[in-house]
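Colleague: Dropping the sequence and predicted coords here.
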Amino acid sequence: MMKITQSELWNVICLFGICFVLSCHKAEIDDPKEYQIVKNAYQSGHLTVVQAILMDRKKERELTTEETKLYFKSLFYLSEWREFFHEWDLLEAKPKELIFYYFKAILLSKDKRVVNLAEENALLELLPISPEACLLYLQWNGPKLKPNQKKIFLAQLKQFQTLIHRMDQELELR
């Protein structure tokens, strides 16, 4: 019988995760060159250019998922809260990555928005895997936190610390 070490098991799990993500990702970008230009503009900090280009494209056709993410990020970093929330209300499929930006926008804008159950559940789904999601949830919902919920968050904090410690050990071994 063959023994598998913990690090080998961890590597296999990570490999399966990467394969799963890649298999789920569908290429839906109409013109990769066009998208690359907008992406480069975003990465170099030309947010108003990105916003203008994507706003024009939005008038012509529906934005792809990747373009939508860039559009929302540009609105967020430009602090265009009214437009951000207006577009958010129109958005049907809300990618997990944008859930972070949505809750950050609520906190930064100090807008008194009613968060629907689907949006709150999307953030709750991210809690076990993201320290940032935990922090956002605590900032957004902190005053309403019950003592038993606080214990859960403290346990989650210990879990994240354990994972960081294990990752640090793995990096030292290499």
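Modeller: Thanks, I have the structure now.
Colleague: elements contacting the lengthiest helix in the chain?
Modeller: In the chain, assigned by DSSP state H, the helix with the most residues is helix 147-173. For helix 147-173, the packing partners by 3 or more CB pairs under 8 Å, 6 or more residues apart in numbering; DSSP states H and E come out as helix 6-24, helix 131-141. Glycine gets a C-beta too; all of them are placed from N, C-alpha and C.
Colleague: chain center to that helix: distance?
Modeller: The offset between the C-alpha centroid of helix 147-173 and the centroid of the whole chain comes to 20 Å, using CA atoms, centre = their mean, to the nearest Å.
Colleague: cool, stretch 134-154 as well?
Modeller: Remark: stretch 134-154 is offset 19 Å from the chain centroid, using CA atoms, centre = their mean.
Colleague: Need the residues that contact that stretch.
Modeller: Taking CB atoms under 8 Å, 6 or more residues apart in numbering as the criterion, the residues outside stretch 134-154 that touch it are 100, 103-104, 106-107, 115, 123-124, 127, 156-157, 160.
Colleague: Would you format the residues you listed as CSV with neighbour count included?
Modeller: Output for the contacts of stretch 134-154, formatted as CSV (neighbours: other CB atoms under 10 Å):
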residue, neighbour count
F100, 18
F103, 25
K104, 15
I106, 21
L107, 12
V115, 14
L123, 21
L124, 14
L127, 17
Q156, 15
L157, 12
F160, 15
